[in-house]
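# could you look at this predicted model? Sequence included:
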Amino acid sequence: MTPLSDGLPFLFVRYMRLFWGFAGARILVIVGLTLVMTYAEGIGIAFFFPLFETNAQAATSGPGATIKSVLDALHVPNTAAGVLPIIVAMFLAKGILQYVTFRTQFSLLRHVTRKMRRRALSAVSHADYQHVANASAGFYTNLVINEVNRAAAGFSYYVRSLSPLLSASTLFLMVSFLDWRLSFVCVVMGAVMIALTRVTGFMIRRQSLVVSRESSSLTSLLIQMLHAFKYLRSTAAYDRYEDRVWRTSDRVLDADFKASIANALLVSLAQPVMVAFLGAILYYRAVVQEQELASLFIVLLYFFRVMNEVFALQSSWQTFCGYLGSLETLRESTEATELAAEQHGSERFEKLDDAVVFDHVDFTYKTGRPVLENINLRIPAHTTVAFVGGSGAGKTTLVDLATGTLRATGGKVLLDGHDIATLDLTTLRGRIGYVPQDAVLFDDTVAANISLWSDSYTQEQLRDAAQRARCLEFIERMPNGFDTQIGDRGVKLSGGQRQRLAIARELLRSPEILVLDEATSALDSESEVAIQQSIEQLKGQMTILIIAHRLSTIRGADRVYVLADGKIVEDGGFDELAAKPGGVFRRMCELQDVAH
C-alpha cells in the first residue's frame with residue numbers, strides 16, 4: 001500500500017507510471033493540447049497591453065514594448081482595430097482547443113475504464129480456483145464494479161490536474177518574463193498551498209483507504225443478505241443481519257464525511273490566502289511603487305490566472321486523493337490475482353479413450369490442511385463410478401483433481417497417460433459436463449440456460465436434451481416455453497425443475513466426462529428415478545463420475561469408492577460392498593435403509 005505520507009511530486013510520478021499502463025501515449029495528446037491552449041490564452045492576455053498603455057509607454061520599456069515589437073514584426077498596427085482581432089482569435093482558438101481537450105479526456109476516460117475493468121475481470125477469470133474461492137463474492141463484485149469506477153474517477157481527476165498544472169507553469173513563465181518580483185510572490189503562494197494540500201491530503205488519503213475497505217465489506221454483506229433473504233426473513237434474523245449492514249454502511253459514510261471535511265477546510269482557506277497575497281501586491285505596486293493601474297491590471301490578470309490554475313490543481317488533486325484507496329486496492333488485488341493465474345499446459349484434449357488414473361496423489365490446501373493422501377485408482381473410459389463417504393472425506397476434492405479444477409500437491413493425475421498438468425485446461429473443460437448440488441442458473445430464458453448462449457444448437461437438440469433430462473414437459477407448460485424467463489438463479493422454478501434444467505444443459509453438450517455432484521439431491525422421488533434412467537441410458541457413452549450421499553442414486557454405478565479421512569478405504573461393485581460384513585459401505589446402507 002502507498003505510504004500515506006508520500007508527497008505530491010512522488011505521488012504524481014507514481015500514478016503517472018500506473019496510468020501510462022492503461023492510457024499510454026494518449027496522455028501526451030492531452031498534455032500537448034493543454035500547452036497550446038494555455039499559450040493561446042497567455043498570448044491573448046498579453047495583447048491587452050497596447051490597449052492599456054500609451055504609445056510612449058509601450059515604446060520605451062516593459063511588456064508593452066515587447067508586444068509592440070511583435071506587432072511591428074507582424075506589420076499589425078498598434079491600435080485597437082489591429083490588436084482586438086488578435087485577442088479574439090487567440091481566445092477563440094483557446095475555446096476550440098478546450099473543447100477538443102475535453103472530448104479527448106472523456107474518450108480517454110472511457111478507454112481507461114474499459115481496460116481497468118477488463119484487466120480486473122480477466123485476472124479473476126483466469127485465476128487459480130483456490131485463490132478465488134478464498135475471497136468472498138462481495139470482494140470481487142466490489143473490485144470489478146465499484147473499485148474500477150472509483151479508480152477511473154481517480155484517473156479522471158488526475159488528468160484534470162494535468163491541465164491546471166501545465167497552465168499554471170506556462171502562465172508562470174510568462175509572468176516571470178513580465179515581472180520577476182510577481183513570479184516570486186506566485187512561488188511563495190504556491191508553496192503555502194502545497195503545504196496546506198499535503199496536510200489535508202494525508203487525511204483524505206487515509207479516509208479513502210477506509211472507504212475502499214468498508215465498501216468491499218458492505219458489498220459482500222448485501223450479496224449474502226439477498227442470497228439468504230428467505231432464510232433471514234423466515235427465522236426473524238433479518239433485523240440482526242440488517243444491523244450489521246447499517247454499521248458497515250455508517251463506517252463508509254463516516255469516512256466519506258471526514259474526507260469531505262478535510263477537503264472543505266482547504267477550499268475554505270484557499271480564497272482568503274489568495275486575497276491576502278493579492279492585497280499585498282496591490283498595496284506594494286499602487287502605494288509603494290505608485291505604478292499605473294493600467295499596467296498593474298494586466299500583471300494582476302496574469303497573477304489571477306496563475307492562482308486560479310493553482311486552486312484548480314489543488315481542487316482536482318484533493319479529489320484525486322480521495323480515490324487513492326480504490327486505486328491501490330484495484331492495483332494490489334489485480335496484481336495478486338494475476339500472480340495466482342491458473343497454469344495451463346499446451347497439449348489439447350479431444351477425448352478420453354483409455355482411463356483416468358490417480359498415481360499416488362496427495363492434495364493439501366494452501367491453508368496447510370491435508371485432504372487426500374496417497375490416492376491410487378484407475379477409472380476406465382466410458383464407465384460410471386461413484387464416490388461416497390462422510391462430509392469432508394475428500395470426494396469433491398478428488399473429482400476436482402480429475403477435472404483440473406485443483407492441482408495435485410503430490411503424485412500425478414493422468415488422462416490417457418498424459419499428466420493433466422501438461423494439458424490445455426480450456427480444451428479439457430470443454431469436454432467436461434458438471435452438475436453441482438446447487439443448480440447454476442442465470443436470469444435469462446430457459447433456452448439460454450440450456451445452451452449457455454451458444455448459437456450452435458438447434459431447437460430440436462434443445463428439446464432432445466430437455467426430454468432426456470425429463471424437463472420438457474414442464475417447459476412446454478410455461479407461458480413462453482423455451483423463451484420463458486426463469487429469474488435470478490432460477491427463482492421462478494422449483495428445486496427439482498432447476499436441477500433438471502441444469503442436467504439438460506450438460507446432456508446437450510455430450511461431454512466426454514460427466515460429473516454429478518449430488519445432482520439428484522434436490523429432486524423428488526419420481527424425478528430422481530427419471531434422472532437415474534437417463535443416466536443409465538448414458539452408460540457406455542461417456543465417463544460418469546458421481547458424488548453421492550444418497551446411496552440409492554448410485555445402484556447402477558460400475559464401481560463405488562468409499563472415502564474416509566482423505567483415503568480410499570473400500571472399493572468395488574454396489575452389491576459387493578453392500579454385502580461385505582463389517583464394511584463401511586454396508587454400514588452406510590443400513591443407516592439409509594438401502595436394501596442390497
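Perfect, thanks for sending it.
# do a quick rundown of the helices in the stretch 1-150 of the chain.
8-23, 26-46, 49-52, 55-60, 63-73, 80-125, 129-133, 137-141, 148-178 (DSSP state H, counting those that start in this stretch).
# Arg378: how many residues sit nearby?
Other residues near Arg378 number 14, with proximity taken as other Cβ atoms under 10 Å. No exception for glycine: its C-beta is placed from N, CA and C like everyone else's.
# for it, what are its contacts?
Ala355, Val356, Val357, Phe358 (Cβ atoms under 8 Å, 6 or more residues apart in numbering).
# report the buried members of these.
By neighbour count, with 16 or more other Cβ atoms under 10 Å, these hold Ala355, Val356, Val357, Phe358 as buried.
# which one of these is nearest to Thr458?
Nearest to Thr458 among these: Val356, at 31.6 Å, using Cβ to Cβ.
# the helix or strand hosting the closest one pairs with which strands?
For Val356, the host element (DSSP states H and E) is strand 355-364. Paired neighbours of strand 355-364 in the sheet (DSSP bridges): strand 370-380 (antiparallel), strand 410-415 (antiparallel).
# give me the distance between it and the centre of its chain.
Computed by Cα atoms, centre = their mean, to the nearest Å, the chain-centroid distance of strand 355-364 equals 35 Å.
# center of the chain - which residue?
Centroid check for the chain by Cα atoms, centre = their mean gives Val144 as the closest residue, at 2.0 Å.
# what about the nearest residue to Glu518 once chain neighbours are set aside, neighbour count?
Spatially, and ignoring its direct neighbours in sequence, Glu518 is nearest to Gln437 (3.8 Å; Cβ to Cβ, 6 or more residues apart in numbering). Neighbours of Gln437 under the rule other Cβ under 10 Å: 15.
# before we move on, back to that, C-alpha coordinates for the strand holding Val356, PDB please?
In PDB, the C-alpha atoms belonging to strand 355-364 read as follows (Å, rounded to 0.1, in the frame of the first residue of the first chain):
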ATOM      1  CA  ALA A 355      -8.700 -44.100 -18.400                       C
ATOM      2  CA  VAL A 356      -8.400 -41.500 -15.700                       C
ATOM      3  CA  VAL A 357      -5.600 -42.600 -13.400                       C
ATOM      4  CA  PHE A 358      -4.600 -41.300  -9.900                       C
ATOM      5  CA  ASP A 359      -1.000 -42.200  -9.300                       C
ATOM      6  CA  HIS A 360       0.000 -41.800  -5.600                       C
ATOM      7  CA  VAL A 361      -2.000 -38.500  -5.500                       C
ATOM      8  CA  ASP A 362      -1.900 -36.200  -2.400                       C
ATOM      9  CA  PHE A 363      -3.600 -32.900  -2.000                       C
ATOM     10  CA  THR A 364      -3.200 -30.200   0.600                       C
END
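# I would like the residues contacting that strand, please.
Residues outside strand 355-364 that contact it (Cβ under 8 Å, 6+ apart): 370-381, 394, 397-398, 401-402, 406, 408-417, 513, 543.
# of those residues, buried ones?
371-373, 375, 377, 379, 381, 394, 397-398, 401-402, 406, 408, 411, 413-415, 513, 543.
# which residue, other than its chain neighbours, is closest to Leu166?
Thr34 (4.6 Å).
# Ile568 belongs to a strand?
Yes - counting by DSSP: H, G, I helix; E, B strand; the rest coil, Ile568 is part of a strand.
# and for the residue nearest to it when sequence neighbours are not counted, the neighbour number?
Nearest non-adjacent residue to Ile568, counting by Cβ to Cβ, 6+ apart: Tyr561, 5.4 Å away. Burial measure for Tyr561: 23 neighbouring residues, criterion other Cβ under 10 Å.
# hang on, Tyr561 packs against Phe387?
Yes - Tyr561 is in contact with Phe387 according to Cβ atoms under 8 Å; the separation is 5.1 Å.
# quick one: the helices in the stretch 401-550 of the chain?
425-429, 446-451, 459-468, 472-476, 495-509, 525-538.
# which residues does Phe387 contact?
Counting by Cβ under 8 Å, 6+ apart, the residues that Phe387 touches are Lys395, Leu398, Val399, Leu545, Ile546, Ile547, Ala548, Val560, Tyr561, Leu563.
# repeat that with 6 Å
By Cβ atoms under 6 Å, 6 or more residues apart in numbering, Phe387 lies in contact with Lys395, Ile547, Tyr561.
# surely Met588 is within a helix?
Yes - per three-state DSSP, Met588 lies within a helix segment.
# roughly how far does it sit from Ala127?
37 Å (Cβ to Cβ, to the nearest Å).
# could you tell me how many residues sit around the nearest residue in space to Leu165 that is not next to it in sequence?
Nearest non-adjacent residue to Leu165, counting by Cβ to Cβ, 6+ apart: Leu313, 5.3 Å away. Leu313: 25 surrounding residues under other Cβ under 10 Å.
# repeat that for Ala439.
Using other Cβ under 10 Å, Ala439 has 22 neighbouring residues.
# backbone torsions only: list them for it.
With angles defined as degrees, to the nearest 10, Ala439 sits at phi -60, psi 130.
# could you do Phe574 as well?
phi -60, psi -50.
# wait, it sits on Arg555?
Yes - under the criterion of Cβ atoms under 6 Å, Phe574 makes contact with Arg555 at 5.5 Å.
# neighbour count for those two, which is higher?
A count of neighbours by other Cβ under 10 Å puts Phe574 above the other of Phe574 and Arg555, at 21 against 15.
# for this structure, name the helix or strand with the lowest mean pLDDT.
helix 55-60 (a mean of 47; mean pLDDT, DSSP states H and E).
# okay, buried residues for the strand or helix carrying Glu328 please.
Per DSSP H and E: Glu328 is located in helix 324-339. Within helix 324-339, the residues that count as buried by 16+ other Cβ under 10 Å are Leu324, Gly325, Ser326, Leu327, Glu328, Thr329, Leu330, Arg331, Ser333, Thr334, Thr337.
# starting at the chain centroid, how far to stretch 430-442?
Stretch 430-442 sits 25 Å away from the centroid of its parent chain (Cα atoms, centre = their mean).
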